[in-house]
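Chemist: Fold the stuff below for me.
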Amino acid sequence: MACARIPRASLGVLLAFVGSLIGLAPIASAQTQPALGAGSGITSSAGTRHAARDPWAANTYPGEGSGAHWWIDGVLGDDGNPGTEALPWRTVDRIETATLEPGDLVHVMDGVHEIQGSLRLTGITGTPLAWIGITAEGDATLRNSSLSNVVNVEDCHYLFLRGFEITHDNGALPYGLWDPVDGVKFQNAPSDHVSIDSCRIHHLGNVGVSSQAPVIRHISVVDCEIHDCYVGLYWGYYESGNKRYAHFGTIARNFVHDCPPIDLDGTGYGIQIKGGSRGNLIEDNVLVDTAGGTRAAIAVYHVSTQGAVETDRNIIRRNFIRSSRNEGIFAVEGALIENNVVVDCDAAGIVVSRRDTGWGSFYGNLTVRNNTVHGLASPTGPALFTGVGPVTLPQVIANNLLIVTVPGQTSLRLPSGYAGVSSQNHCFGATSGPALGVVALPDLDALYSTTYGDADFLFPVPAGALVSAADASLSSVADFHGTPRNGAPDVGAFESTGGGNPGWVLADDFKD
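Modeler: Residues are numbered from 1 along each chain as shown. Model (predicted):
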């Protein structure tokens, strides 16, 4: 879809664009975390009602709506109309033949919009100062029933898709018989600066948001609920000659749960970013009941490739993970893992380990700091496990709070010959390997509560053993809530401010 003009940008839009270049996210609001309104609510597969993100109160994009406005009404429209508010188009498929220019905004009205095959968003190109948008007006659903992905994105740039329910009609069949389709899939040609914003993506036999394009850059998935999919998000692929990469993406403030809804074969992930992909930010997400019995809720592999050692690490920060069916977080090489809370996983809390493949051996360049891990189902599981292997760059394990309560479990497992840095890891329960950087906790009196659901669950007691006990030289700069840490920081994901938990209470819902 060709672009012929660039709307004049205001000073505010220009400043927003400059701000977007500073960080990883393409979200261009002047706020680093835009205000979120209270939506009408959406219902999960378990029947629990969650506070839906209100797309109109969430993220804005440079030049949004500064061009032409197009309208789609599945009841009153006609695809032969000019697409104005008075004479709207009828089907979302009409977008495929429209000529959209920078700043244009497509409004899709309430209702279920049945897609013929896939909605193909191909060659839609905005500009840094004037994004093109496709946005829901009210409760708009994109749904298909053919053996095709619901939305395919190819060769798109500076585009946002906001506020939709995206699903597939599986004919009321049980999980295991669902069509293997994706909700939103990047494929065939590179795309960059595309945002999937404030969507509910669910009941898909394959992936909620996937990428098998040669490369994607600066892709955002923000404020979305993704549930009842085989995998929540799956980006890239390294295990073939035809490698696919995802660089500098943002996966933030999402609620991912029941992915897969039932563990049928031990596979499936909440969020997975494959090898060779770098500079991605996974932040402030909530993941509940995700991963198969041999996988992880969040998995990143290596940033290095055959040709070079990359310094842009993937960041896993401030996420809440509960009830992974295997590991909470898994990483191989080139990752910063900090201020996460991981509870009640089946096999392990956080695992960093070497990976040997036919395309190389990868391990190291890892920092795991200020995380809190509590509770495991496995009788022999570790809260934090580090593998052994050649370290490409220094490895740091510091200031983590690691709690196991079953005999035979391990709070911190360092291998014999561990060559990295370990400092001020406070452990309740047995450790394994060198007692390097281990501080044994005789009891859990340093915490207000160890009962999930309590407002102060896993929060440090003022003047307790965790307060001001971290290695300041290796500490994160802010905690799970984004609260700045002081010059004498605390151990674990939370920084005490002299009382109980002042922020969001851990729950199976969006993190506020």
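Chemist: all strands for the stretch 201-350 of the chain, in order.
Modeler: Secondary structure of the stretch 201-350 of the chain, counting by DSSP state E, counting those that start in this stretch: strands at 215-222, 225-235, 245-247, 250-252, 255-259, 271-273, 281-283, 286-290, 296-302, 314-317, 320-322, 327-338, 341-345, 348-352.
Chemist: Ok, which of the ones you listed comes nearest S146?
Modeler: Of all the strands of the stretch 201-350 of the chain, strand 225-235 sits nearest to S146, with 17.8 Å by C-beta to C-beta. In this view, the C-beta of every residue, glycine as well, is placed from N, C-alpha and C.
Chemist: CA atoms only for that closest one, dumped as CSV, please.
Modeler: Output of strand 225-235 as CSV, limited to C-alpha atoms (Å, rounded to 0.1, in the frame of the first residue of the first chain):
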residue,chain,number,x,y,z
GLU,A,225,-4.6,-10.7,27.5
ILE,A,226,-3.5,-13.9,25.7
HIS,A,227,-5.0,-17.1,26.9
ASP,A,228,-6.0,-20.6,25.9
CYS,A,229,-3.4,-20.9,23.1
TYR,A,230,-0.8,-23.6,22.6
VAL,A,231,1.9,-20.9,23.0
GLY,A,232,1.3,-17.3,24.1
LEU,A,233,4.2,-15.7,22.1
TYR,A,234,6.8,-17.4,19.9
TRP,A,235,9.3,-15.2,18.0
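Chemist: Give me the helices and strands touching it, please.
Modeler: When contacts are defined as 3 or more C-beta pairs under 8 Å, 6 or more residues apart in numbering; DSSP states H and E, strand 225-235 sits against strand 200-211, strand 215-222, strand 255-259, strand 271-273.
Chemist: give me every residue that touches the residue nearest to the spatial centre of the chain.
Modeler: Most central residue of the chain, judged by C-alpha distance to the mean C-alpha position with C-alpha atoms, centre = their mean, is I251 at 3.5 Å. Contact analysis of I251 by C-beta atoms under 8 Å, 6 or more residues apart in numbering lists S220, V221, V222, L233, I271, N280, L281, I282, E283, N285.
Chemist: From these, pick the one nearest L177.
Modeler: Within these, the smallest distance to L177 is 23.0 Å, found for L233 (C-beta to C-beta).
Chemist: can you put the helices and strands packed on strand 225-235 in CSV and add mean neighbour count?
Modeler: Rendered in CSV, the data for the helices and strands packed on strand 225-235 read as follows (neighbours: other C-beta atoms under 10 Å):
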stretch, mean neighbour count
strand 200-211, 26
strand 215-222, 24
strand 255-259, 27
strand 271-273, 28
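Chemist: looking at those, which is closest to D155?
Modeler: D155 lies closest to strand 215-222 among those, at 10.9 Å (C-beta to C-beta).
Chemist: Across the sheet, point out what pairs with I201.
Modeler: Beta-bridge partners of I201, counted by DSSP bridges, are I166, I226.
Chemist: From what I see, it and G208 are in contact.
Modeler: Yes. Between I201 and G208 there is a contact at 4.4 Å, judged by C-beta atoms under 8 Å.
Chemist: Find the residues that touch each one of those two.
Modeler: G183, V184, C224, I226, C229.
Chemist: Would you convert those residues into TSV that also reports pLDDT?
Modeler: Below are the shared contacts of I201 and G208 laid out as TSV (pLDDT from 0 to 100):
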residue	pLDDT
G183	98
V184	98
C224	97
I226	98
C229	98
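Chemist: of the residues you listed, closest to N326?
Modeler: Closest to N326 out of the shared contacts of I201 and G208 is C229 (17.1 Å), distances taken as C-beta to C-beta.
Chemist: For the closest one, which residues are in contact?
Modeler: Applying C-beta under 8 Å, 6+ apart, the residues near C229 are G183, I201, H202, H203, L204, G205, N206, V207, G208, C259, P260.
Chemist: Look up how far S353 lies from it.
Modeler: According to C-beta to C-beta, to the nearest Å, C229 and S353 sit 26 Å apart.
Chemist: hey, where'd the strands end up in the stretch 1-150 of the chain?
Modeler: Under the criterion DSSP E, counting those that start in this stretch, the stretch 1-150 of the chain contains strands at 37-38, 42-43, 49-50, 53-54, 69-72, 105-108, 111-114, 119-122, 132-136, 140-144.
Chemist: Out of these, which one sits most buried?
Modeler: Sort the strands of the stretch 1-150 of the chain by mean neighbour count, taking mean count of other C-beta atoms under 10 Å, and strand 132-136 sits at the top with a mean of 24.
Chemist: which helices and strands sit right next to that one?
Modeler: Other helices and strands packing on strand 132-136, by 3+ C-beta pairs under 8 Å, 6+ apart, are strand 105-108, strand 157-162.
Chemist: hey, C-alpha coordinates of that strand in CSV?
Modeler: Output of strand 132-136 as CSV, limited to C-alpha atoms (Å, rounded to 0.1, in the frame of the first residue of the first chain):
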residue,chain,number,x,y,z
ILE,A,132,-1.1,4.1,10.6
GLY,A,133,-3.7,2.6,13.0
ILE,A,134,-6.4,0.0,12.9
THR,A,135,-8.5,0.4,16.1
ALA,A,136,-11.6,-1.1,17.6
